[in-house]
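Enquirer: Okay, predicted coordinates and the sequence, questions at the end:
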Amino acid sequence: DGGITQSPKYLFRKEGQNVTLSCEQNLNHDAMYWYRQDPGQGLRLIYYSQIVNDFQKGDIAEGYSVSREKKESFPLTVTSAQKNPTAFYLCASSLRHTHTGELFFGEGSRLTVL
Amino acid sequence: GESVGLHLPTLSVQEGDNSIINCAYSNSASDYFIWYKQESGKGPQFIIDIRSNMDKRQGQRVTVLLNKTVKHLSLQIAATQPGDSAVYFCAESYDAGKLIFGQGTTLQVKP
């Protein structure tokens, strides 16, 4: 079945460590996104990519980095520079020029910093 | 900056009743307004959207209403079922797919 796969589902990290969250899609979508979700809040955009080898910062990019070497993959690295990294991270994809806002989301990765 | 907000954090309804979830937005330049459903521990799922030049759109058991005069968006769910229990987010779409999400309303369906 087509969809978006995020891994790991749960991740624990010590302060000062970088961690990379995986996101893979087989929907043949050009655009991919990373959102952060905190308890009781909506989703906030971290980074997005409309095409391979290109990506742009979202509203809260500080302390995060991404790469888009393949159409199917859009990994997110949470660096030690991120002050408050504990959160639920959601990856999504869409058709490149979608104006409707229909994004397809993965199941999420929950990161906890100890 | 621009933001999309929901009026109530929690809504409790009886199974079989109709549910109405409300949302206020501030960016009148957005192209589309969208509703997502998020079940516990999962990613959001697209429910329905409405273009900014429309007032109403119907789907299967759901209706979205857009009032641009007062910048208000609502989602109506007919004959609410236990499976409808989730957090519902409204969002506005601008600049080719980038979304601004509201804070979410938790819908609780009582048997």
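Expert: All right, it came through fine. Numbers count the residues shown, from 1 in each chain, chains lettered A, B, ... in the order given.
Enquirer: Around chain B, pick out the residues from chain A.
Expert: Neighbours of chain B within chain A, by Cβ under 8 Å from any Cβ of the partner chain: A:4, A:31, A:33, A:35, A:40-45, A:48, A:50, A:58, A:90, A:92, A:94, A:96-108. Every C-beta, even on glycine, is put in place using the N, C-alpha and C of the backbone.
Enquirer: what's the closest non-adjacent residue to residue A:10?
Expert: Once flanking residues are discounted, residue A:10 sits nearest to residue A:110: 5.2 Å by Cβ to Cβ, 6 or more residues apart in numbering or on different chains.
Enquirer: Can you classify that neighbour by secondary structure?
Expert: strand (DSSP: H, G, I helix; E, B strand; the rest coil).
Enquirer: Same question for residue B:83.
Expert: Reduced to three states by three-state DSSP, residue B:83 is helix.
Enquirer: can you tell me which residues contact it?
Expert: For residue B:83, the contact set (Cβ atoms under 8 Å, 6 or more residues apart in numbering or on different chains) is empty.
Enquirer: same deal with residue A:112?
Expert: So residue A:112 contacts A:10, A:11, A:12, A:13, A:86 (Cβ under 8 Å, 6+ apart).
Enquirer: Please convert the buried members of these into PyMOL selection syntax.
Expert: Burial among the contacts of residue A:112 is assessed by 16 or more other Cβ atoms under 10 Å in any protein chain shown; the matching PyMOL selection reads:
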select buried, chain A and resi 11+13
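Enquirer: Throw the contacts of residue A:112 into a markdown table and include secondary structure and pLDDT, thanks.
Expert: Listed next are the contacts of residue A:112 as a markdown table, based on DSSP: H, G, I helix; E, B strand; the rest coil; pLDDT from 0 to 100:
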| residue | secondary structure | pLDDT |
| --- | --- | --- |
| A:10 | strand | 96 |
| A:11 | strand | 94 |
| A:12 | strand | 94 |
| A:13 | strand | 91 |
| A:86 | coil | 95 |
